[in-house]
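Student: Fold the following and give me the result.
(2 chains)
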Protein chains: 2
Amino acid sequence: MDESKITERGRRTRQRIIEATGEQILASGIGGTTLDDVRAATLTSKSQLFHYFPGGKAELVREVAGWEGKQLFEAQEPFIHDLGSWESWEQWRSGLVHYYISRGRWACPIGSLATQAAMTDPDLERVIADSMRAWRELLAEGVRRMRTAGLVDDSADPVTVATVILAAIQGGLVLSQPERAAWPLEAALDSALAPLHAASRPQGAPAA
Amino acid sequence: MDESKITERGRRTRQRIIEATGEQILASGIGGTTLDDVRAATLTSKSQLFHYFPGGKAELVREVAGWEGKQLFEAQEPFIHDLGSWESWEQWRSGLVHYYISRGRWACPIGSLATQAAMTDPDLERVIADSMRAWRELLAEGVRRMRTAGLVDDSADPVTVATVILAAIQGGLVLSQPERAAWPLEAALDSALAPLHAASRPQGAPAA
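Tutor: Here you go, the predicted model:
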C-alpha cells in the first residue's frame, strides 16, 4: 500500500503487527504462524489486518523479513561500511556477536527465514537472498578496502572470504543455539577471519 | 511403543509415515505440518497413526529427526569413523557434499530441525543437540587420529576444529540454498579444513 497515506498512529499499528508476527515466527516458524495468532497478539480485527497488509500472510512475512534485516544491518553500523582496518573488523565482529547475544535467541533472522522460505515462498526467498547478497557484498567491499590499504595481499579473494565469513555466522548460530553460548559462533567467526589475517602484512610493507 | 511387537508390514507402514512426515516438514516446516496432512499423504486413519505414534505429532517429529540423522550419518560412512589421513578427510568431504547435492535440497536435516525446534520443543531440541554433539565428537576424534599419526601438530584443538567444520557445513548450506549451488558450502568447508592443513607437517617428520 501507499505508505504516504498512513497516519502516524496507523504507522505504529502497522509496525506493532509486524513485530508481533516476527515474535510468532521466531516461536513457531512461518508455517506455524497464523493470522489469527497475529490478530490475538495485537488485538486487531481481520479488516484492520487486511487494511495494512492486503496481501495477507505472505505480504506480512515479507515485511517481517525486511524489518528484521534492517535491524541486523543497523547492528553492524557503522563498521560494516568501513572494514578498512583490523580495528574496524574487530569492532564489526564484536557488534555482531553482541547483537545476537542481546536478542536472547541464537538465530539469525535472515538465515532462519531463508531455510524456511526456500521451499514455500519463492518471493520471500528472493527478498532474503537479496539481503544475503547485499550483506556478502558489504563484507567483500571491506576485504577490497583492506587490499587497497595494503593490509592484506591478493591471496584473499573478496567474495570467497565474504562467503566464508557469512557461512561462519550462520553455521556458528546453528551450533550456538543448543549450547546457549557464544563460543561456537565465535570459534567459527575467528576461523573464517583467519584467511584474512593469514594474508595480512605489516603496515607499510611494499605491495608484492 | 515396543518395536518387537510390530509385524514387518506394520514396520513398513510406520516407516512410510515417518518419511511422509519428513517430506512435509521439509516443505512446510514443523509448524506447518499437521497430522491431517500426514494422514492424507499416507492414506492412514487417525487410529492407525496413534497406534504407531501414541505421542502424536511430537513423537512423530522426533522419529523423523532420528531417521534423518541416521541417513546423514550413513552418508558419511565409512570415512567419518576414520579421518586418520588426508585421503580419508577428502573422501568424507566429498561424500558429504554429494549427500546434500543428491537430496536436491540445500538443507541439513539436523541443522534445519535444530533451528525450528529450539523454541518449540525442548525434548526434540535435546535429541537434535545430542546428534550434533555426536557428530562433532566423531570429527574431533578424527583430528585426534591425525595428531596421533603425526600428520598435524598440537596447534589444532580437536573440539574447536570440529566445531568450526560443523559450523561451515551448516552455514555453507544456508548460503548454498539461495544460490542453488554447492560453491558456498564448498568454500566454507575448505576454509574450515584449512587450520588442519595449516597444522600439517610432512609425514614422518619428528613430533615437536
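Student: going forward, measure contacts and count neighbours with C-alpha atoms only.
Tutor: Fine.
Student: Just give me the longest helix of chain A.
Tutor: Longest helix of chain A, by residue count under DSSP state H: helix A:122-148.
Student: looking at chain A, which helix or strand does the model trust least?
Tutor: Here the helix or strand of chain A ranked lowest by mean pLDDT, DSSP states H and E is helix A:109-120, holding a mean of 75.
Student: What is the distance between that helix and the centre of its chain?
Tutor: Here the centre of helix A:109-120 is set off from its chain's centre by 12 Å, with CA atoms, centre = their mean, to the nearest Å.
Student: And the contacts of it?
Tutor: With contact meaning CA atoms under 8 Å, 6 or more residues apart in numbering or on different chains, helix A:109-120 is reached by A:29-30, A:65, A:68-69, A:72, A:124-125, A:128-129, A:131-132, A:170, B:26-29, B:107, B:112, B:115, B:174, B:177-178.
Student: ok so, going back, any chance you could give me the very next helix or strand once past the longest helix of chain A in CSV, C-alpha atoms only?
Tutor: Counting by DSSP states H and E, the element after helix A:122-148 in chain order, helix or strand, is helix A:158-179. Extracted C-alpha coordinates of helix A:158-179, given in CSV (Å, rounded to 0.1, in the frame of the first residue of the first chain):
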residue,chain,number,x,y,z
PRO,A,158,37.0,-10.8,-1.6
VAL,A,159,33.8,-12.7,-2.5
THR,A,160,35.2,-16.1,-1.2
VAL,A,161,36.3,-14.6,2.1
ALA,A,162,33.0,-12.8,2.5
THR,A,163,31.1,-16.1,1.8
VAL,A,164,33.2,-18.0,4.3
ILE,A,165,32.5,-15.3,6.9
LEU,A,166,28.8,-15.3,6.3
ALA,A,167,28.7,-19.1,6.4
ALA,A,168,30.6,-19.0,9.7
ILE,A,169,28.0,-16.6,11.2
GLN,A,170,25.0,-18.7,10.0
GLY,A,171,26.5,-22.0,11.0
GLY,A,172,28.0,-20.7,14.2
LEU,A,173,24.5,-19.7,15.3
VAL,A,174,23.1,-23.1,14.5
LEU,A,175,25.7,-24.6,16.9
SER,A,176,25.4,-21.8,19.5
GLN,A,177,21.7,-22.4,19.8
PRO,A,178,21.8,-25.9,21.5
GLU,A,179,24.8,-24.8,23.6
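Student: what's helix A:158-179 packed up against?
Tutor: Judged by 3 or more CA pairs under 8 Å, 6 or more residues apart in numbering or on different chains; DSSP states H and E, helix A:158-179 is in contact with helix A:122-148, helix A:183-198, helix B:109-117, helix B:122-148, helix B:158-179, helix B:183-198.
Student: looking at those helices, which has the lowest confidence?
Tutor: Lowest mean pLDDT within these: helix B:109-117, at a mean of 78.
Student: hang on, the earlier thing: from the contacts of helix A:109-120, which would you call buried?
Tutor: Buried residues within the contacts of helix A:109-120, counting neighbours by 16 or more other CA atoms under 10 Å in any protein chain shown: A:29-30, A:65, A:68-69, A:72, A:124-125, A:128-129, A:131-132, A:170, B:26-29, B:107, B:112, B:115, B:174, B:177-178.
Student: Identify the residues contacting the residue nearest to A:T160 when sequence neighbours are not counted.
Tutor: Nearest residue to A:T160, sequence neighbours excluded (CA to CA, 6 or more residues apart in numbering or on different chains): B:A187, at 6.8 Å. Residues in contact with B:A187 (CA under 8 Å, 6+ apart) are A:T160, A:T163, A:V164, B:G172.
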